[in-house]
Every structure is written in structure tokens, then in C-alpha cells.
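[1] Have a look at this fold, sequence not included:
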């Protein structure tokens, strides 16, 4: 069955430090992969997406993610976090044998220490 | 463009009451969907629509009804509210393409007592 795992429920990082949020997926075909961010009390906003080609994808707000087929992973990174990055981050996989539904991870809450 | 709008932002219901959560988009998107978000569970798809007059069930459809009479609107009806339906509800829309970005509304926080 298709699934997405975000192993870390929450992560605490100091402002200015680097960040990596993990995402592992289980999907039979070549996946379409997404990262969304949800700021407190807000809806979700797309950070970046991967469909094909270069496995390193650049997104908004200085985020990037790398698709590693051998590890079934799509980890999100940022070299230096800002206090405004405090939010919840969701990884999703496109299940395109099921009318293009997205399968969502449970989310990782990012806490920024001053 | 207003994007995806949802009303109300907050709602408290008693068990057994019914209500409709409203969702509208002004981007002429074909595809619309309703999710519920519960702590530690990410987003779960309730119902979706691929165009006016066409709806289908998602992962957790029980207790909810939808209709799509226009491209713009996709209301979600709770038939007889239960405490298990306490959640945050998000409406989303996108163009038909399977690689297109989903745009989310701000959410409705529903509490069922």
C-alpha cells in the first residue's frame, strides 16, 4: 500500500542553523513528491515539488529537497533557518493510480530556538 | 483573485445537528477536494470532485455529503454531527493536471459537543 512516513513529529533547531526534515515513501511507480508548509492557523502552501529530471529541487523561501530513489526518500533542507520558518511541514506523494490523490505524511512541527 | 475561501472559520455543534461547510474558488479549477486534519494524522481525504456534477469518495467519507453544481462551489455537509467529527477541515482546489499545485483554503475548525 502507498504510504508516506515523516519520522519526526517535531524538531527543534536554533535560528541560523541548518535544517533537514525527513520523508520516506512507499509507492510502486515513479512518484510525484511534494512538500507543503502550514503556518499556525493557516492553510497549506506548496514549498516545492518533484516530478522528474534533476533530483535536487529548489523551492520557495530558500528550501530545497532531494529525491533519492534508492532510499525512497525526499528530504527537505534549508541551510539557515529563520524564526519565521516555525511551522508544520507535510510531505505528500501523488497516488496517480487513484484518480490523482495525494497521500500525506503526518507532518513535522518545526520549532525555532532564538 | 481571492483563491480558495471557506466559511465559517469556527463552528461549534451539538451531537446530531447538521451543517454545511462552504468552499469556493475563483481560479476556474476543475478539481476540488475536502480534507480533515487531526493531530498526528496529517490530512485525510473526505470527498473530491473532478468537475461540476462529478463527485467521489475519499478515504474517510462516512458522515459527510458533497455536491458540485458549479465549478466554483463545493460545499461539505455534515448530516448528523458526532464528536468524532471534531477536526479542522480544509478545502483545496487545483487544475486538472496531475502535477498541478493544490491551493488550500484557510480551514474551518469544527467542534462537536
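    Done, it's in. Just so we're clear, the structure is a prediction, and the values are computed from it rather than from any experiment.
[2] Quick one: check the lengthiest strand in chain A for contact with chain B.
    Criterion DSSP state E: the longest strand present in chain A is strand A:87-95. Yes: remark: strand A:87-95 sits within contact range of chain B at A:90, A:92, A:94, by Cβ under 8 Å from any Cβ of the partner chain. In short, each C-beta sits where N, CA and C put it, glycine included.
[3] Okay, the closest residue to the last one other than its chain neighbours and residue A:57: tell me how far apart.
    Same thing as residue A:94. Leaving aside its chain neighbours, residue A:94 sits nearest to residue A:32 (3.3 Å; criterion: Cβ to Cβ, 6 or more residues apart in numbering or on different chains). Separation of residue A:32 from residue A:57 (Cβ to Cβ, to the nearest Å): 12 Å.
[4] shared neighbours of these two, which are they?
    A:49-50 (Cβ atoms under 8 Å, 6 or more residues apart in numbering or on different chains).
[5] so how far is stretch B:28-36 off the chain centroid?
    Centroid separation for stretch B:28-36 versus its chain: 7 Å, with Cα atoms, centre = their mean, to the nearest Å.
[6] Report whether that stretch contacts chain A.
    Yes: contact between stretch B:28-36 and chain A, assessed by Cβ under 8 Å from any Cβ, occurs at residue B:31.
[7] For that stretch, give me every contacting residue.
    Outside of stretch B:28-36, the residues within contact range by Cβ under 8 Å, 6+ apart are A:100, B:21, B:23, B:25, B:43-51, B:58, B:60, B:64, B:66, B:68, B:71, B:74, B:76, B:85, B:87-96, B:100, B:102-103.
[8] ok, now with 7 Å
    For stretch B:28-36, contacts defined as Cβ atoms under 7 Å, 6 or more residues apart in numbering or on different chains pick out B:23, B:25, B:43-51, B:60, B:66, B:68, B:71, B:74, B:76, B:87, B:89-96.
[9] pLDDT of it, averaged?
    The predicted model gives stretch B:28-36 an average pLDDT of 94.
[10] Quick one: low-confidence residue ranges for the chain.
    Picking chain A for this. A:95-100 (pLDDT under 70).
[11] not what I meant, chain B
    B:98.
[12] Show me the residue at the heart of it, geometrically.
    residue B:34 (2.9 Å; Cα atoms, centre = their mean).
[13] Tell me how far it lies from chain A.
    12 Å (Cβ to the nearest Cβ, to the nearest Å).
[14] buried set for stretch A:56-76?
    A:57, A:59, A:63-67, A:73-76 (16 or more other Cβ atoms under 10 Å in any protein chain shown).
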